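1. What follows is a protein structure lacking sequence information:
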């Protein structure tokens, strides 16, 4: 069962709603440790002074910022404490915006906000956000760092998503070669065929359909090796040429394959002529 990692209040106007913060995601990655291949003993990392080669005690380690050309300045915990945002246990919603105005690139991790001792104002905010299709934007402090966050309504509950700051997002013009796409001329037939392919592959989003097949394969490999079995020999890589020679031919073949793979009733409904108006 998830445990609360933060407790405080949501504030907007004169309304205060006590809440608790819970992680919305439990990552399921397979974790490995480093071993010495000669005797399978754990390999530990050591903090070593690169000038002397000696191990440095934890008590002697300080924070440093490189100015360039080997010049360093040290920053103490007291220096940072003077600048640290106040731990006021408050998520103050400064403004509300339409949900579709926020590009997903700004999201950086999600948490459930659970009600703490006051269910009615919690339910009121969740319902009002849902009906208005709005989200609340505000700042708060988590683990000594200030974060921008968006609070939204999800199935009658409140979810908080951390956001990156605007200056942390790389604009498309900073990506090499991105401007080449702006100079491409597309004809109507190509665009219509690409749109048809997208429509042919459009489905209702069901996250349960998608699984981490690599993680499952790794776990199966671990089970086999734990039972003393040898690892299977991987199949040779496919050396086919992925170069698209004829874009239209590739689009037409893709549309045909997509229609063939869909449920028969979907294809029949798509090919059925429209009823004549009376």
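-> Nice, thanks for sending it over. None of these values were measured; they are calculated from a predicted model.

2. in this structure, which spans are helices?
-> Using DSSP state H, the helices found in the chain span residues 77-83, 119-132, 188-200, 213-226, 247-261, 264-271.

3. So which of the ones you listed is nearest residue 42?
-> Taking Cβ to Cβ, helix 213-226 is the member of the helices of the chain nearest to residue 42, at 17.5 Å. Any C-beta I mention is one placed from the backbone N, CA and C, and that applies to glycine too.

4. Mind checking the helices of the chain for the one nearest to residue 68?
-> Across those, residue 68 has its closest neighbour in helix 77-83 (20.2 Å, Cβ to Cβ).

5. Out of the helices of the chain, which is closest to residue 141?
-> Checking the helices of the chain against residue 141 by Cβ to Cβ gives helix 77-83 as the closest, at 12.3 Å.

6. quick one: average pLDDT of that closest one?
-> Taken as a whole, helix 77-83 carries a mean pLDDT of 83.

7. Distance to residue 19 and mean neighbour count for the helices of the chain - can I get that in CSV?
-> Formatted as CSV, those follow (distance: least, Cβ to Cβ, whole Å; neighbours: other Cβ atoms under 10 Å):
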stretch, distance to residue 19, mean neighbour count
helix 77-83, 27, 8
helix 119-132, 7, 15
helix 188-200, 40, 13
helix 213-226, 33, 11
helix 247-261, 45, 14
helix 264-271, 44, 10
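
8. worst average pLDDT in the ones you listed?
-> In terms of mean pLDDT, the lowest-scoring of these is helix 264-271 (a mean of 52).

9. Please name the bridge partners of residue 16.
-> Beta-bridge partners of residue 16, counted by DSSP bridges, are residue 11.

10. ok now do it, which residues does it touch?
-> 9-10, 121 (Cβ atoms under 8 Å, 6 or more residues apart in numbering).

11. Figure out which of the helices of the chain is closest to residue 176.
-> With Cβ to Cβ as the criterion, residue 176 lies closest to helix 247-261 of the helices of the chain, at 23.5 Å.

12. What is that closest one packed up against?
-> Judged by 3 or more Cβ pairs under 8 Å, 6 or more residues apart in numbering; DSSP states H and E, the packing partners of helix 247-261 are helix 188-200.

13. Determine how far the helix it packs on lies from the middle of the whole chain.
-> Put simply, helix 188-200 sits 29 Å off its chain's centre (Cα atoms, centre = their mean, to the nearest Å).

14. Just the residues contacting it, thanks.
-> If you take Cβ under 8 Å, 6+ apart as the criterion, helix 188-200 is touched by 247-248, 251-252, 254-255, 258-259, 262.

15. All set now, cheers.
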